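# Here is a sequence together with a model predicted from it:
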Amino acid sequence: MDQLMKILSECCPGVDFEQEQNLVDDGIITSLDIVTIVSEIMEVFDIEISVDDLMPEHFNSTQAMFRLIEEKRA
Amino acid sequence: MLAQIHDYSQISPLVSACLRPGVLTNCVLTPEDYRREIAAGTLLHLQWAGGLVFLRRREDFDLLNFYLNDPARLPDWQPARETVLELPRRGSGASPAAAFWETLGFFPLLNRVRLSRPKLPETPADPQAEISLAQAMSLLTSSFDPRTGCLPAAEWLAEDFHAGRVLVKTDGADKLIGLLRYSRGSAAEIRHLAVAPAFRGQGVAKSLVAQFNSATFASRAQVWVREDYAAARSVYENSGFSPDGWISTVYTKECTQNGSTDEDFK
């Protein structure tokens, strides 16, 4: 989780990733931010994320992103 | 060399290969977008050492989406048809990809700003008049530049009608005088707002936006509007929308005699 928080704070400075639960739905991050975040996640966690995974529900919260990472690492 | 995409399974390997730190992109396509273009036979791609381009073919021009990993590496490609791309960015500085596309001969055509509206309290919705798909398409095509207006194909507009995502205003005698088309995603987004020229300045647009607000009160909403269209901005800003810091520049490049031709497609 610490690695993910570091990625998020660098990709989107100023966003409260610890509290926000509707990052995409509330327009706090966009699809362009998601591409940036995913690119970093794939590099740092050495996982493959597909186009089908780039759905808002996977990026609405830090917990959702962490679940996606865990799923891809399993 | 440009190649047509025939199967959705081709998409993920192409895109995933570009998802590396520092990648630059624009207007990300959804799985539904890819599937629709593939089904219509209108999706092409070009991959080179520095990145990936998707072209969505339209009658007289192409729309371009890209992933750039190394902007210093230029593709050995020039468009054979007029090509349009959009560079959205947060804040007023230039997009980091702008210099790359300008090097390839693209030039800025217009700017749009994004306006957003929060969730609203519920309000009653007006009953909808019935109009034909042909009337709606006619008003849209006469109101927007096809290159920059993101006009839907007739079957896509029909889907929106069926799903209740087209709001209309008539003159009381079945003549269509205004139309608002929107999409639903993480936010409701106004895609088109058109008013017949003879009926402008009479509150039709304001009424349609009020209908939209009633239909989408439960979610956040947004709209991209041309920076220089003061009247349209005023309608939105008087209906609960305000600038949220996103700006977009539409670039175009007219075709060259040395560009790729259709014969180059695999």
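Looks like it came in fine.

# And for the residue of the stretch 101-250 of chain B found nearest chain A, the neighbour number?
Closest residue of the stretch 101-250 of chain B to chain A, C-beta to the nearest C-beta: residue B:186 (4.5 Å). The way it works is simple: take the backbone N, C-alpha and C, and place the C-beta from them, glycine included. The tally of other residues near residue B:186 (other C-beta atoms under 10 Å in any protein chain shown) stands at 22.

# Residue A:23 is in contact with that one, correct?
No. Checked against C-beta atoms under 8 Å, the pair residue B:186 and residue A:23 is beyond contact range at 9.3 Å.

# Do I have it right that residue A:54 meets residue A:37?
No. Residue A:54 is not in contact with residue A:37 according to C-beta under 8 Å; the separation is 10.0 Å.

# Show me what from chain A comes close to chain B.
A:24-27, A:30-32, A:34-36, A:38-40, A:42-43, A:48-52, A:54, A:56 (C-beta under 8 Å from any C-beta of the partner chain).

# I'd like to know which of the residues you listed are buried.
Among those, those classed as buried by 16 or more other C-beta atoms under 10 Å in any protein chain shown are A:24-27, A:30-32, A:34-36, A:38-40, A:42, A:49, A:51, A:54, A:56.

# residues contacting residue B:100?
Contact analysis of residue B:100 by C-beta atoms under 8 Å, 6 or more residues apart in numbering or on different chains lists B:24, B:68, B:71, B:74.

# Swap in 10 Å and give it another go.
B:24, B:50-51, B:66, B:68, B:70-74, B:87, B:106 (C-beta atoms under 10 Å, 6 or more residues apart in numbering or on different chains).

# What of residue B:54?
B:5, B:11, B:14-15, B:29, B:33-34, B:37, B:43-47, B:62-67.

# Looking at the residues you listed, which are in strands?
Of the contacts of residue B:54, the ones assigned to strands by DSSP state E are B:43-47, B:62-67.

# Next, give me the two most distant ones among the residues you listed.
Greatest spatial distance in the ones in strands among the contacts of residue B:54: B:47 and B:63, 17.7 Å, computed using C-beta to C-beta.

# Between those two, which has more neighbouring residues?
Set residue B:47 next to residue B:63 and count neighbours by other C-beta under 10 Å: residue B:63 wins out with 20 against 17.

# Show the contacting residues for the nearest residue to that one once chain neighbours are set aside.
Setting aside the residues directly before and after it, residue B:63 is nearest to residue B:56 in space (C-beta to C-beta, 6 or more residues apart in numbering or on different chains), at 4.3 Å. Residue B:56 makes contact with B:29, B:33-34, B:36-37, B:40, B:42-44, B:62-65, B:84, according to C-beta under 10 Å, 6+ apart.

# Please enumerate the helices of chain A.
Counting by DSSP state H, the segments of chain A that form helices are A:2-11, A:31-45, A:62-73.

# For the last one, the averaged confidence score.
For helix A:62-73, mean pLDDT is 95.

# just the angle between it and helix A:31-45, please?
50 degrees (axes from the mean of the first three to the mean of the last three C-alpha atoms, to 10 degrees).

# buried set for helix A:62-73?
Here helix A:62-73 shows A:62, A:64-65, A:68-69, A:72 as buried, counting by 16+ other C-beta under 10 Å.

# who touches it?
By C-beta under 10 Å, 6+ apart, the residues outside helix A:62-73 that reach it are A:1, A:3-5, A:7-8, A:15-21, A:23-24, A:34, A:37-38, A:41-42, A:44-50, A:53, A:55-59, A:61.

# Provide the count of other residues in contact range of the residue lying closest to residue B:240 once chain neighbours are set aside.
Distances taken as C-beta to C-beta, 6+ apart put residue B:117 closest to residue B:240, at 4.5 Å, once the chain neighbours are dropped. By other C-beta under 10 Å, 25 other residues sit near residue B:117.

# need the contact list for the closest residue to residue B:7 other than its chain neighbours.
Excluding the flanking residues, the one nearest residue B:7 by C-beta to C-beta, 6+ apart is residue B:38, at 7.0 Å. Residue B:38 makes contacts with B:4-8, B:10-11, as judged by C-beta under 10 Å, 6+ apart.

# likewise residue B:153?
So residue B:153 contacts B:36, B:40, B:42, B:58, B:137, B:159 (C-beta under 10 Å, 6+ apart).

# ok, which stretches of the stretch 51-200 of chain B are strands?
B:51-57, B:61-68, B:82-90, B:107-117, B:166-170, B:176-184, B:188-195 (DSSP state E, counting those that start in this stretch).

# would you turn these into TSV with distance to residue B:123?
What follows is the strands of the stretch 51-200 of chain B, written out as TSV (distance: least, C-beta to C-beta, whole Å):
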stretch	distance to residue B:123
strand B:51-57	37
strand B:61-68	36
strand B:82-90	31
strand B:107-117	13
strand B:166-170	14
strand B:176-184	16
strand B:188-195	14
